[in-house]
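S.K.: Just a sequence and a predicted model for now, questions to come.
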Amino acid sequence: MAPISQEFATVPLAEPLRLSAGGRLEHVTVAYGAWGERRPRSAVVLLHGLSRSHRAFCETAVPGRSADGWANAMFADGQPLDPAGKHWILCPNLLGSPFGSTSPASPEWSGRPFPELSVLDLADAVHGFMQALGLVKPRVVGFSLGGMVTLALAARHPGTLRGAATLGGPAILPAAGRRRLGLVATMLLADPEYRADGVGDGALRALKRARLAMLRDLHPYDFALRGGAFEAERTLEAEADAFARSFDGRCYLSLCRAMSGADLTGAIPAIKARFLVAASSSDPLATPASMQDTYHLLTAAGVRTRYFEIGGEGGHHAFYRETNDLAFALRDMVNG
């Protein structure tokens, strides 16, 4: 693959965000990555999952196994997201994430409680980001939490998107998924080593334990794919340790609560953009049933929608690793 133009920067939003829980968030900044030639009228915006970052493409990262490089499998010559092609590809860091956007970990919020965030707030921040960069009716592809933000963005700002896709991000998580996220938050807060300011080795160890519980619960297929329980446990321990060292417990709590509390079923009728809804048949978080429900809500609202399901045992990680099956449907949405 030939070298491509890339940029990592931050952009301030023009106006304060009015939060769904009340109040305003002032001086919001969004970090982002961009690849390819600047084309505001043919942009593709990627929205990452809860534990990922805006560094969607990173040659040294393994797709789906780190905060960076999670979309590597989709970035290549002839793939749906080809930075050398006709699209300008951008990935904003979601509001509340610790990788450069305004979040509980931002220096200006040190020692102060950060306001409660919802998926609607995250969507409004993405809309502000699109306006700040002058994007004209981009296509938006969201993964997991980013998929839920995509649905909220299309509903809150109808007519601003040319097309959209939610991959493993339903209008509402099934009850079991909401309980999982809620238990992780409870586990972190109940850990005697966790501190409210998220600082110190004890807080890091507490975050690692909470993350490891999530990995064990949500990705049982990772055990089968790694040739034995001992090797799988060692791999998940290493992933949880790397996560705890790069993430922030306060941000994890904020985003887990936003994702588990999201219910976009009532917002679907406002959507105008055509949609791709994709599920993984082995996903224990955004189950196929929850994604099918989202598809039916969209079609009932008159939205031109396509449903696609990935087979295999990739679980919630399938969208990052098993992209060959998804490529045709995604390419059609991106180029249509």
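M.R.: Right, received. Where do you want to start?

S.K.: which stretches of the stretch 101-250 of the chain form helices?
M.R.: In the stretch 101-250 of the chain, the helices defined using DSSP state H, counting those that start in this stretch lie at 119-132, 145-156, 175-190, 201-218, 220-225, 229-246, 249-260.

S.K.: ok, and for the fourth one, which residues are buried?
M.R.: By neighbour count with 16 or more other CB atoms under 10 Å, helix 201-218 contains the buried residues 203-204, 206-216, 218. Every residue, glycine included, has its C-beta placed from N, CA and C.

S.K.: deepest of the helices of the stretch 101-250 of the chain, which one?
M.R.: Comparing those by mean neighbour count (mean count of other CB atoms under 10 Å), helix 145-156 ranks first with a mean of 28.

S.K.: average model confidence for that one?
M.R.: The predicted model gives helix 145-156 an average pLDDT of 98.

S.K.: could I get it in CSV with only the CA atoms?
M.R.: What follows is helix 145-156 as a C-alpha-only set of coordinates in CSV (Å, rounded to 0.1, in the frame of the first residue of the first chain):
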residue,chain,number,x,y,z
LEU,A,145,-20.9,2.5,21.1
GLY,A,146,-20.0,4.4,17.9
GLY,A,147,-22.8,2.7,16.2
MET,A,148,-25.3,3.9,18.8
VAL,A,149,-23.8,7.4,18.5
THR,A,150,-24.4,7.1,14.7
LEU,A,151,-28.1,6.3,15.2
ALA,A,152,-28.4,9.2,17.6
LEU,A,153,-26.6,11.5,15.2
ALA,A,154,-28.9,10.6,12.3
ALA,A,155,-31.9,11.2,14.5
ARG,A,156,-30.8,14.4,16.2
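
S.K.: let's number from 6 now, not from 1
M.R.: From this message on, residue numbering opens at 6, which makes the last subject helix 150-161.

S.K.: quick one, that helix and helix 180-195 angle?
M.R.: Helix 150-161 and helix 180-195 meet at an angle of 110 degrees, taking axes from the mean of the first three to the mean of the last three CA atoms, to 10 degrees as the criterion.

S.K.: Taking helix 254-265 as reference, get the angle to helix 150-161.
M.R.: Going by the same axes, to 10 degrees, helix 150-161 makes 60 degrees with helix 254-265.

S.K.: could you say what helices and strands helix 150-161 packs with?
M.R.: Using 3 or more CB pairs under 8 Å, 6 or more residues apart in numbering; DSSP states H and E, the elements in contact with helix 150-161 are strand 48-52, helix 124-137, strand 144-148, strand 168-172, helix 254-265.

S.K.: can I get those in JSON lines with distance to residue 162?
M.R.: Output for these, formatted as JSON lines (distance: least, CB to CB, whole Å):
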{"stretch": "strand 48-52", "distance to residue 162": "12"}
{"stretch": "helix 124-137", "distance to residue 162": "5"}
{"stretch": "strand 144-148", "distance to residue 162": "11"}
{"stretch": "strand 168-172", "distance to residue 162": "11"}
{"stretch": "helix 254-265", "distance to residue 162": "18"}
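
S.K.: so which of these comes closest to residue 337?
M.R.: Proximity to residue 337 (CB to CB) singles out strand 168-172 among those, at 9.3 Å.

S.K.: how much space between residue 154 and residue 12?
M.R.: 22 Å (CB to CB, to the nearest Å).

S.K.: So, low pLDDT: which residues of the stretch 206-341 of the chain?
M.R.: 224-234 (pLDDT under 70).

S.K.: So residue 130 sits against residue 99, correct?
M.R.: Yes. Taking contacts as CB atoms under 8 Å, residue 130 lies within contact range of residue 99: 7.3 Å.

S.K.: Show me whatever sits in contact with both of the two.
M.R.: residue 106 (CB atoms under 8 Å, 6 or more residues apart in numbering).

S.K.: Could you export the helices of the stretch 106-255 of the chain as JSON lines, including distance to residue 307?
M.R.: Listed next are the helices of the stretch 106-255 of the chain as JSON lines, based on distance: least, CB to CB, whole Å:
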{"stretch": "helix 124-137", "distance to residue 307": "21"}
{"stretch": "helix 150-161", "distance to residue 307": "13"}
{"stretch": "helix 180-195", "distance to residue 307": "28"}
{"stretch": "helix 206-223", "distance to residue 307": "34"}
{"stretch": "helix 225-230", "distance to residue 307": "36"}
{"stretch": "helix 234-251", "distance to residue 307": "41"}
{"stretch": "helix 254-265", "distance to residue 307": "27"}
